[in-house]
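Novice: let's see this in three dimensions:
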Amino acid sequence: MKYRDLFLASFLSLFIELFPAQDYWQQEVNFKISVRLDDQKHILQGYEEFEYINHSPDTLNELYIHLWPNAYKNGQSALAKQMSEDGDESLVNVSNEDSGFIDSIAFQINGTNVNYSIFKGHEDIVVLALLTPLLPGESIDVSSPFRVKVPSGRISRLGHIGQSYQITQWYPKPAVYDKNGWNPMPYLNQGEFYSEFGSFDVSITIPENYVVGSTGDLQNASEIEFMNDLAQKTEGDLISLVAESNKGNMNTPFPPSSEKYKTLRYTQDKVHDFAWFADKRYAVLKGSVELPRTRKLVDTWALFVPQNARHWQHAIEYLNDGTYYYSLWNGNYPYSHVTAVDGTISAGGGMEYPNVTVIGNSSSKEELEIVIVHEVGHNWFYGIMGSNERVHGWMDEGINTLNEVRYIQTKYPGNTRLSDMVLNGRFHLNDLDYHDLADVTYRFTHTAGADQPIETHSKDFSPANYGIIMYQKTGLVFYYLKDYLGDLEFDRIMHAYFYKWKFKHPQPEDLRILFENETGKDLSWFFDDLIQTTNHVDYKIRNVKRRLKTGSLVKVKNVGQVHGPIEINAFRDDDLIESTWIEPGNTEGVLSSNITEFNRVVIDANKNIPELSRHNNTWRKRALFHKWEPLKLEFFSGDHEVNRTNVFWTPTISGNAYDGLILGAAFHNLGVPLQRFQYLVAPQFAFQSKNLVGVGEALYVVLPKNNIKQLKIGASLKSFTHPGQFQSRFLGVTPYLKAIFGDRTKRNTSFSYAEIRGVWQGDFSQNLALYQNNYGARAKYLFQKDFKNTSILFSPSVTYYEQSTENDEGLDIDKMLRAELSASFNVNYRLGDMRRSLSFGAYIGKNIVSELNTFDSYHQNLSMTGVEGGRDLFLEQYYFARGGVQQQMDGMGNFYSTSSVGTNLNWIASFNTYLALPIKPNIFEIFLNQGLFPSNTNIEYLCNAGVALTLGDVFGIYFPLIRSQNMGPLYENYIDEIRLTLQFNIVENGFTLGSFIN
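Specialist: The predicted structure is shown next:
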């Protein structure tokens, strides 16, 4: 690549620094901190002074100060509540030993004591009332002692594991005041930071045998010599360290702490945070990297525990390469060192701070390289360009992910990183590289209706989307923008961004203005659609034809929701002949090549555009059907290749009481990622009934722009032998329309859907004569809302069902109209380390119409005990014996019993209680069922109680122990009273990924 133009861009961009926009301003905070570590009590004793300079045009009457160690104090903090929402109760029930806090605060302003107050109940944010208003251009000196109890490092970023310390977000720090006002924010795991730039002068007093990695330049000559000597020793011992580490059983103990202390002084200008890490066990590697286009050398340091030497032996290479490439693509690193330290943290695989990054446990050298490079990259995107990570996380995490992916693709061209991750490359994932990792996870999420806009507040992302959307999807769309503009142009603009906004606080509008001004293009398709919404990109080729005498015309159709640019590539076999871009909003592209010069045209052959589907991207001149990809049959599953129509197959084995052993094969397209059109067809042969049986389903996913997150249109098919004589069998077809609702911009704690489901079931005799028709339709709505430790569910439905039976006298028709309402309330509780639940459920069902012209009322009956096979009107479940009573699915009265008492054609009501017992493993429950039903002239009461063994919602065995007399004797034939639940519907439920992603 040629980067001569970047010299000129870098030179001209210096003028941007000298003559910045006149209306931009930012505050300045200059710190002087001294701190002493007590590694027996895990206490920091400190004193800080900071100069606060008001560069704003506003007069300030207060300062907002973050005291983030208080996030670890108890279960009332915003951090504890967020962790609890995500199922982690470790801070809600934190012990005194593991908790953390900051106290001994006594603020003074210019030497005079000042009062402060807690901000909106957040103990990690306080408001200082200024003694006198702080006018524009003026400054104040703020000081305070402080004491920090360092929490367990297993909770979040600040912490210790034994005597290994990760000291981050540890000192009183002012919130940012910018054009939007004050930005106070509680500490969170999911959601990072925003702080003012300034200088740091920090003195750390610590036992002498600790090795420290820190923000800032070390000022102690003796400690510099100590670190250099330790690096030389590690280099000499590296081969033996790696050999011991490779044995896998190496554990490096903490040596006793020295009784002698040392005070280390670090200074740094133009940073907005300060972090340090200390461990007595660290081995040290040192290197240096020469920055591009200059002769400047930057020192690189790697501090690691010897037991991890097998992965960390190449850490200097990763640090050097990461620093070089980020400098090459964005602007030169402005500080004197880059340091990576080996640490144990809970909040992600690594965490960035100015000059220094902490890396969590890595399972391989490849993983370690990715994490080191990503965290080093944050020195640019968060460190140098200090955007608001909490509100606009994509501006650091997403753009940084672009550079991380670009690094892997540049350093390891032709890599198959994603393929290698799945069964070490032995699966049908065909040459998927590191860029494909983000592409596949994004398309999975979007097709499942779980996508969220990139411009979403950090706290509003679902836990999965915090990584998938903020990191991966943002990286994808910026890779798209880079591909469209070209590497040279994109890099020129990123350098301009660097020089204009380094050591400042850019906002999203600043980045957009710069890109549009530099390119002269309207990039609304990017900044409005791809960043602000969940609208997706999808184009298909309409046709290719000769244009005049020399060129060719390619027509495309936008079948997506974004009018973005599209690249067209023309090939002769595997040789690229020509490429051109169709500009946003256009649907025709002109190739200078004649149609005789190529035989294949592809949209985005390099897969750099985040299209939802790529199976409409190819035109073949020599094919009978120009736009169909050749069929490829593969075992089990795999990825959907761009130039193939992948069909996957697998042998099947199953059985039931009427068909006996069933063997067959399943053919489907359930690959990586899921397609919007999905199908599964499984023809089978039953050896007992000698019948052809099987299942099938087809589904198409619609992704509207409104609050319908996902619309499913589908139909399933089942055919098995009917209960009773082998000469009878059934064929059922169930179409459905299901709309899943939700606000994509929020971290949803509620789930709702509306569904219309129909059914046709035909019952056939041995000679395949149709003797019974069953038709039905059901409208159902479900709403579920989750709270901190509780959840509620509400679901009404209306069902119409008609059964027509042919007999010697003609046609008998039964009709039914039913209304149902179910509700539940769930309470989670914890006993020690066991999280269990107490659930209450209620149901009422009423047959509004019940017309019977046959003697068979079975399918119309309301059952107190659940849904047996004959009452599964819409063929939603699988039964080993569809005509039996022991296997029942949850529904209707849901008594855990096989008794038929209470079953009737009028109405039933039930109230059920379930308690998951605090016993390991989590499979033991007790239940209490209560119900009412009409009997002749009065209303009868039923009661049933017992114990159960369950595996989630899939499997359960229920043992009734006591029940009301009107249900009959319990123990005369007890084995028949045991109820079984086995809810196994892989065909239909296998398509539902939303619950997994959310």
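Novice: can I assume A231 sits in a helix?
Specialist: Yes: assessed by DSSP: H, G, I helix; E, B strand; the rest coil, A231 belongs to a helix.
Novice: list the contacts for it?
Specialist: Neighbouring residues of A231 by C-beta atoms under 8 Å, 6 or more residues apart in numbering: 284-286, 301. C-beta here means a position set from N, CA and C on the backbone, and glycine is covered the same way.
Novice: mind listing the helices for the stretch 801-950 of the chain?
Specialist: Remark: helices of the stretch 801-950 of the chain are absent; assignment by DSSP state H, counting those that start in this stretch.
Novice: still on that earlier bit, the contacts of A231 in strands, which ones?
Specialist: Using DSSP state E to define strands, the subset of the contacts of A231 located there is 284-286, 301.
Novice: buried residues in the longest strand along the chain?
Specialist: Of all segments of type strand in the chain, defined using DSSP E, the longest is strand 810-831. Using 16 or more other C-beta atoms under 10 Å as the test for burial, strand 810-831 gives 812, 814-816, 818, 820, 822, 824, 826, 828.
Novice: what's the closest of those to G398?
Specialist: N828 (34.1 Å; C-beta to C-beta).
Novice: with adjacent residues omitted, what lies nearest to that closest one?
Specialist: Leaving aside its sequence neighbours, N828 sits nearest to N789 (C-beta to C-beta, 6 or more residues apart in numbering; 4.6 Å).
Novice: that neighbour and N826 touch, don't they?
Specialist: No: N789 lies out of contact with N826 (C-beta atoms under 8 Å); the separation is 9.2 Å.
Novice: what is the burial count for R871?
Specialist: R871 has 18 neighbours, counted by other C-beta atoms under 10 Å.
Novice: for it, report the pLDDT, please.
Specialist: Looking at R871, its pLDDT stands at 91.
Novice: next: D522.
Specialist: For D522, pLDDT reads 98.
Novice: could you do S765 as well?
Specialist: According to the predicted model, the pLDDT of S765 comes to 80.
Novice: next one: phi and psi at F498?
Specialist: Main-chain dihedrals, F498, degrees, to the nearest 10: phi -60, psi -50.
Novice: show the contacting residues for it.
Specialist: Counted by C-beta under 8 Å, 6+ apart, F498 has contacts 13, 330-331, 380, 384-385.
Novice: next, give me the two most distant ones among those residues.
Specialist: Based on C-beta to C-beta, the longest span within these runs between S13 and W380 and measures 14.8 Å.
Novice: between the two, tell me which one has more neighbours.
Specialist: W380 (25 against 19).
Novice: what pLDDT is listed against the more buried one?
Specialist: Predicted confidence (pLDDT) for W380: 99.
Novice: looking at it, it is touching L328, isn't it?
Specialist: No: W380 is beyond contact range of L328, at 11.5 Å (criterion: C-beta under 8 Å).
Novice: can you give the domain ranges for this protein?
Specialist: 25-196, 539-628 (automatic domain parsing).
Novice: what about the last one, start to end distance?
Specialist: Pointing back at domain 539-628 there. Domain 539-628 has an end-to-end distance of 15 Å (C-alpha to C-alpha, to the nearest Å).
Novice: pLDDT on that domain, on average?
Specialist: Rounded mean pLDDT across domain 539-628 is 93.
Novice: also the first one?
Specialist: Averaged over domain 25-196, pLDDT sits at 97.
Novice: most distant residue from the centre of the chain?
Specialist: E809 (61.7 Å; C-alpha atoms, centre = their mean).
Novice: what's the first helix or strand after the helix or strand hosting A243?
Specialist: Using DSSP states H and E, A243 falls within helix 221-246. Per DSSP H and E, helix 221-246 leads on to strand 261-271 as the next helix or strand towards the C-terminus.
Novice: for the contacts of A231, give me JSON lines that also has distance to Y878, neighbour count and pLDDT.
Specialist: Shown next, in JSON lines, are these (distance: C-beta to C-beta, whole Å; neighbours: other C-beta atoms under 10 Å; pLDDT from 0 to 100):
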{"residue": "V284", "distance to Y878": "61", "neighbour count": "22", "pLDDT": "99"}
{"residue": "L285", "distance to Y878": "58", "neighbour count": "23", "pLDDT": "99"}
{"residue": "K286", "distance to Y878": "63", "neighbour count": "19", "pLDDT": "99"}
{"residue": "W301", "distance to Y878": "60", "neighbour count": "22", "pLDDT": "99"}
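Novice: what about K607, neighbour count?
Specialist: 17.
Novice: which SS state does it fall under?
Specialist: What three-state DSSP gives for K607 is coil.
Novice: residue contacts, it?
Specialist: 435-436, 439, 614, 642.
Novice: top of those residues by neighbour count?
Specialist: The residue in the contacts of K607 with the most neighbours, by other C-beta under 10 Å, is D439 (25 neighbours).
Novice: pLDDT value on that one, please?
Specialist: Note on D439: pLDDT of 95.
Novice: which element is it on?
Specialist: Assigned by DSSP H and E, D439 belongs to helix 434-447.
Novice: what does the very next helix or strand once past that helix contact?
Specialist: Going down the chain from helix 434-447, the next helix or strand is helix 463-467, by DSSP H and E. For helix 463-467, the external contacting residues (C-beta under 8 Å, 6+ apart) are 86, 190, 393, 445, 450-452, 456, 458, 997-998.
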